[in-house]
Structure formats: structure tokens, C-alpha cells
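>>> sequence first, then the predicted structure:
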Amino acid sequence: MRNKNGFSRCGENYIVRLRQEGRYSTAHVYQNALYSFSKFCGTSHVSFGQVSRGSLRRYGQYLYGCGLRLNTISTYMRMLRSIYNRGVEAGIAPYVPRLFHDVYTGVDVRQKKALPAVELHKLLYEDPKSDRLRRTQAIACLMFQFCGMSFADLAHLEKSALDQNVLRYNRIKTKTPMSVEVLDTAKEMINRLRSRQDSRPDFPDYLFDILSSDKKRTDERAYREYQSALRQFNNCLKDLARALHLKSPVTSYTLRHSWATTAKYRGVSIEMISESLGHKSIKTTQIYLKGFGLQERTEVNKGNLSYIRNYRSGK
């Protein structure tokens, strides 16, 4: 008989709760981690007793052997740790000191996600000679010109976010309020990608033709649609990179990291970069530093764009 208080059941109950709260992305990550660990253990009914320092260490080696990157391994381990801790708090799992001490739960900063300037220039400005890839390139350009905006934030922008020449929105991931001035170079691309769907009461009225406006944001179908759009965009980015003969891998994260790296190379302060990206951790920094204004962030953004647009190899 299945243990009602087992590790798998504890994880599944939390995943159900996350979905009920509309946190589909987080639930998806937990589901993947739980499925992976269950597969490793050879059972879908993992008990708390099967979660030991030895089994976790072997699981980490198994993931590494499967070719997973350190940051993915860390994510899975942190999800498992969270599930186990919930069992401890509920009194259905024994407290084991330093249970996850021997497995990797950090962040591997060695993974280079930013493009070299010469390749970033090609990605944003060379003609791929394809309407489909030109659309992908336009989206990539907007992400870069909007201070390294994430694809999730770009896709979910609503028409009401655009107030004259300023975008005002809350980040999807952290709910951090953001404001970005729209540069003149972005206006034509905004018009090209603008959604022509009619607005409906109580439904999102998206600015760009990336997501349909026929599903409420809290609907799980809207999350699945976004995941599909993200996969499609990443596949198109690969095709764009191939068409432009880039050597570096390109994903939706590349534009964000490339914006930050370009700013850092140009001598922009880490505090300004963090605030422009909307990182939640900037709140700690702001205790000691005055927040930067829209005009200051706009100058940094213009400088980044000018640097890449005018970049010449060998300079």
C-alpha cells in the first residue's frame, strides 16, 4: 500500500497547491525534479527513508552522467530539499542534519551565456534574408533595447503598459515594478509586432502578437501557450544564429545576459545593471544606494545600443 505520508506524496501535494495558486511555472520545475528523482529510484512511490546522503550523492552523479549542467542539477536538488523540509515541518519526515551537504545546490557562474560583441552585432543587425527570421530578430532587438527584458516580460506586456514613450510594467518573475523608455530605434519594431487582436473585458490585451488574448493569465492553458511560444522563439533563435553563421549558442536568456555584459564592459556600475534588469536582490543594495532614475537608465540603455550597433571587429 502506498505511504500516504511518503516523499512523493508530499511533493505531489505541494505541486497541486502551486497549481491552485496559479504558479504553474514553479509547479512545472518541481514536477520535473520529482519525476527525475523517482525515475532514478525506480519507483513513483519514493519514501522519505529513500532520501539519504548516499542516494542523493548517487543521484547527483547520475544527473551529471546524463549530461545535465550544474545549474540544472542544483535546481533539482533544491526542489528535492524543499520537499523534504516540508515533510520535516509537517512531522512526517525525520530531521537529518546536513542531508544535502554532499550535493551541489549552488550557482555555476562559469557558464557563459552572453554573446561576444561581434556576434551580438550580427544577431541584431545582419539581414537573415527570411521574413520568419526577421520577425525573430525584431523580438530579439526589442528585448535588448528594453534593457535586456526577459522573453516572459516582453510576451506578457499589455497595451496599457505603453504610456507615450515609456513602458511601465511589473516583472513576471519577481513582480518588481519596472519602467523603460522606448528608444526611437524601437518604435518601428513595436508597430511591426503589435497585436491587432480586439480587447475583451477581464482578458489580457497584449501589446505584441506573441500570445493570444483569449485566455486569462491565471488559466493553466495560458501558461502552456507561453511555454509553447518560448520553445518556438528559442528554436527560431537557433535558426537565426545558424543563418548568420554564429559560433556561440543563442537562447532567450542570451539577450538579457548580453545586455548586462555589454553594460559591465562599458563600465556601468553593478548597481545600475541590477536595477535595470529588475533583479529582486537590488532591494538590499538600495538600502545603501539611491535608486537610479528613468533618465539615467535610458542613457545607459542608449549607450549599450550604440556600442553594439556601431561595433566593428578589431576595434
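Great, that's in hand.
>>> okay, CA-based contacts and neighbour counts for the rest of this
Noted.
>>> got the contact list for Arg217?
Phe203, Pro204, Tyr223 (CA atoms under 8 Å, 6 or more residues apart in numbering).
>>> buried only: go through these for me.
Neighbour-count burial (16 or more other CA atoms under 10 Å) applied to these gives Pro204, Tyr223.
>>> flag the shaky bits of the stretch 151-300 of the chain, pLDDT-wise.
280-293 (pLDDT under 70).
>>> can you show me the strands along it?
Counting by DSSP state E, counting those that start in this stretch, the stretch 151-300 of the chain has strands at residues 162-163, 166-170, 177-181.
>>> can you lay out those strands as TSV showing mean neighbour count and distance to Ala138?
Below are the strands of the stretch 151-300 of the chain laid out as TSV (neighbours: other CA atoms under 10 Å; distance: least, CA to CA, whole Å):
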stretch	mean neighbour count	distance to Ala138
strand 162-163	14	18
strand 166-170	17	17
strand 177-181	18	17
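>>> go through those strands and name the closest to Tyr76.
Proximity to Tyr76 (CA to CA) singles out strand 166-170 among the strands of the stretch 151-300 of the chain, at 27.5 Å.
>>> give the pairing partners of the closest one; include direction for each.
Strand 166-170 has the following strand partners under DSSP bridges: strand 162-163 (antiparallel), strand 177-181 (antiparallel).
>>> CA atoms only for the longest one, dumped as CSV, please.
Extracted C-alpha coordinates of strand 177-181, given in CSV (Å, rounded to 0.1, in the frame of the first residue of the first chain):
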residue,chain,number,x,y,z
PRO,A,177,7.8,47.4,-10.9
MET,A,178,9.8,48.5,-13.9
SER,A,179,10.0,51.5,-16.3
VAL,A,180,11.8,51.6,-19.6
GLU,A,181,12.0,54.5,-22.0
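>>> now what about that strand, what contacts it?
146-147, 165-171, 278, 294, 297-298.
>>> about what we covered before: so which of the strands of the stretch 151-300 of the chain gets nearest Phe233?
strand 166-170 (21.8 Å).
>>> distance to Tyr35 for the strands of the stretch 151-300 of the chain - can I get that in JSON lines?
Shown next, in JSON lines, are these (distance: least, CA to CA, whole Å):
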{"stretch": "strand 162-163", "distance to Tyr35": "41"}
{"stretch": "strand 166-170", "distance to Tyr35": "32"}
{"stretch": "strand 177-181", "distance to Tyr35": "35"}
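>>> closest to Gly11 out of those strands?
From the strands of the stretch 151-300 of the chain, taking CA to CA, the stretch that ends up closest is strand 166-170, at 29.6 Å.
>>> looking at the strands of the stretch 151-300 of the chain, which is closest to Leu120?
strand 177-181 (21.2 Å).
>>> buried stuff in stretch 226-238?
Quick answer for stretch 226-238 (16+ other CA under 10 Å): Tyr226, Ala229, Leu230, Phe233, Asn234, Asn235, Cys236, Leu237, Lys238.
>>> roughly how far apart are the first one and Leu157?
In this view, Tyr226 and Leu157 are 13 Å apart by CA to CA, to the nearest Å.
>>> please apply the same query to the fourth one.
With the distance defined as CA to CA, Phe233 ends up 16 Å from Leu157.
>>> with the third one instead?
Distance of Leu230 to Leu157, given as CA to CA: 15 Å.
>>> ok so, going back, out of the buried residues of stretch 226-238, who's nearest Arg192?
Closest to Arg192, out of all of those and judged by CA to CA, is Phe233, at 16.7 Å.
>>> helix or strand for the nearest residue to that closest one once chain neighbours are set aside, which one?
Among residues not flanking Phe233 along the chain, Thr136 sits closest, at 7.0 Å (CA to CA, 6 or more residues apart in numbering). Per DSSP states H and E: Thr136 is located in helix 131-145.
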